[in-house]
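In: based on what follows, work out the 3D shape:
(one chain, ligands or ions: 1)
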Amino acid sequence: MKDFKNKVAVVTGAASGIGLGLAKRAASEGMKLVIADIEDKPLQAVAEQLTALGAADVLAIKTDVSKADDMDALAEKTIEKYGTIHLLFNNAGVGGGGCMWELDTDYWEWVLGVNLWGVIHGIRTFTKYMVAQKEGHIVNTASIAGLISAPTTGPYTVSKHAVVGLSETLYGELRNAEANVGVSVLCPAYVDTKIYAAERNRPLEDAVKNDPARIAEQKAIEEMASEFFSSAAMATEAVADQVFDAISNDTFYILTHPKGSKIQIEKRMHEILDGGQPSSTGPEDFPFE
Ligand SMILES: NC(=O)c1ccc[n+]([C@@H]2O[C@H](COP(=O)([O-])OP(=O)(O)OC[C@H]3O[C@@H](n4cnc5c(N)ncnc54)[C@H](O)[C@@H]3O)[C@@H](O)[C@H]2O)c1
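Out: Just a heads-up that it's a prediction; the model follows:
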């Protein structure tokens, strides 16, 4: 797809970070936008920004992507208002850390619910409209963590490997159906967003959420991470440019940090093919260039 003006884009996780960057770029292309996020207040503020940037129209809908009913409603409202969809960005995501034997079931369900089921619901509810009109492009946000496996990122790594596999499978299905619907899988390394504060959206009981020790621990993590991300990570605008180039050129794998990603991916493939053992030691293996 090369011509974006007046076409319809749906972006999940649009209130912050990469989703916001994608929504701004779509707005500056003169698209009609449906923006979705679990955080309603920032989402409404983003809607105003997008109009100022040149969006043809904006519909902001509070949505929890992990919930089937919310995603059904998002698709229904999109079709009701615009009658169609051309670009789907399944982008909302959360993450955290910890050794897998120490993580509880709720944590696994939260991360897989948003990062994997959110993408599944997006595919389930929107793809048929693109197939019927024989035009569209779907971008699923995975991660470099979908192509390599780093210790202490268990649920995140599982969800992102699944999104890469899902995207590759979807690509083949749409090609076999001659649907003229493109697919890309976005595999970023470090991007300057608020992903390190993803716990803000974790469904927790009030007693746990308001526990002073937990609040202090989160604050310390977020202060450290915020300094690291703002100094070392890629700008969301640069990621959005890469994504729109990929849509225009029908590129499937989008590696935001291609040089370092290639080294890590080749290393993993050699470990698989040569009978080696996984050598990644943690998120410090994620590339910076
Ligand atoms: N920032 C990075 O370094 C990086 C690297 C690789 C992949 N990613 C991926 O990029 C995507 C976007 O994350 P980001 O880095 O922009 O983080 P971010 O926290 O800045 O933005 C994520 C957005 O998703 C929203 N969200 C969270 N849970 C939701 C839910 N249940 N339903 C709807 N919206 C929800 C948040 O409110 C937020 O607006 C994620 O899928 C993430 O895994 C990020």
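
In: now do the same contact list for L33.
Out: Counting by C-beta atoms under 8 Å, 6 or more residues apart in numbering, L33 makes contact with 8-11, 23, 26-27, 50, 55, 57-59. Using the backbone N, CA and C atoms, a C-beta is placed for each residue, glycine as well.

In: okay, it and V11: tell me how far apart.
Out: Plainly put, L33 is 7 Å away from V11 if you go by C-beta to C-beta, to the nearest Å.

In: shared neighbours, the two?
Out: Common neighbours of L33 and V11, counting by C-beta under 8 Å, 6+ apart, are 23, 26.

In: what parts of this protein come near the ligand?
Out: Residues of the chain lying close to the ligand (C-beta under 6 Å from any ligand atom) are 12-13, 15-19, 37-39, 63-66, 91-95, 114-115, 141, 143, 188, 190-191, 193-195, 198, 201, 233.

In: what is the neighbour count of E135?
Out: Residues near E135, counting by other C-beta atoms under 10 Å, number 17.

In: over to the one 10 residues further on?
Out: Here the count is done by other C-beta under 10 Å, and A145 has 26 residues near it.

In: all helices of the chain, in order?
Out: 17-28, 40-53, 68-82, 105-112, 118-133, 154-176, 206-209, 212-232, 236-249, 258-273 (DSSP state H).

In: for I247, which non-adjacent residue is spatially closest?
Out: Distances taken as C-beta to C-beta, 6 or more residues apart in numbering place H137 nearest to I247, at 4.9 Å, with adjacent residues excluded.

In: tell me the buried residues in stretch 174-182?
Out: Across stretch 174-182, burial judged by 16 or more other C-beta atoms under 10 Å covers 174, 179, 181-182.

In: and stretch 74-81, by the same measure?
Out: 74-75, 78-79.

In: would you mind writing the CA trace of it as PDB?
Out: Provided in PDB are the C-alpha atoms of stretch 74-81 (Å, rounded to 0.1, in the frame of the first residue of the first chain):
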ATOM      1  CA  LEU A  74     -13.800  -1.700  18.400                       C
ATOM      2  CA  ALA A  75     -14.300  -3.300  15.000                       C
ATOM      3  CA  GLU A  76     -18.000  -2.700  15.000                       C
ATOM      4  CA  LYS A  77     -17.600   1.000  15.800                       C
ATOM      5  CA  THR A  78     -14.800   1.300  13.100                       C
ATOM      6  CA  ILE A  79     -17.000  -0.200  10.400                       C
ATOM      7  CA  GLU A  80     -20.100   1.700  11.600                       C
ATOM      8  CA  LYS A  81     -18.200   5.100  11.300                       C
END
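
In: just to check, I85 is in contact with V10?
Out: Yes. If you go by C-beta atoms under 8 Å, I85 and V10 touch, sitting 5.7 Å apart.

In: list residues touching both of these two?
Out: The contact sets of I85 and V10 overlap at 34, 78, 126 (C-beta under 8 Å, 6+ apart).

In: distance of the residue nearest to the second one when sequence neighbours are not counted relative to I85?
Out: When you say that, I think you mean T78. Spatial nearest neighbour of T78, excluding adjacent residues (C-beta to C-beta, 6+ apart): V34 at 4.8 Å. Separation of V34 from I85 (C-beta to C-beta): 8 Å.

In: ditto for D206
Out: With the distance defined as C-beta to C-beta, D206 ends up 37 Å from I85.

In: higher neighbour count, those two?
Out: Set side by side, D206 and I85 show more neighbours around I85, with 25 against 7, by other C-beta under 10 Å.

In: what about that one, distance to K62?
Out: Applying C-beta to C-beta, the value for I85 to K62 is 19 Å.

In: re earlier: which residues touch the residue nearest to T78?
Out: V34 is in contact with 8-11, 58-61, 74, 77-78, 81-82, 85, counting by C-beta under 8 Å, 6+ apart.

In: try L166
Out: 116, 119-120, 123, 140.

In: just to revisit the earlier point, among the buried residues of stretch 74-81, which pair sits farthest apart?
Out: Using C-beta to C-beta, the buried residues of stretch 74-81 reach their maximum pairwise distance at L74 and I79, which is 9.9 Å.

In: report the contact partners of the most centrally placed residue in the chain.
Out: Closest residue to the average C-alpha location of the chain: N91 at 2.6 Å, with C-alpha atoms, centre = their mean. For N91, the contact set (C-beta under 8 Å, 6+ apart) comprises 11-14, 18-19, 22, 139, 141, 186.

In: mind checking pLDDT for it?
Out: N91 is assigned a predicted lDDT (pLDDT) of 98.

In: return the set of buried residues in stretch 243-263.
Out: Going by neighbour count (16+ other C-beta under 10 Å), the buried part of stretch 243-263 is 243-244, 246-247, 253-258, 260-261.
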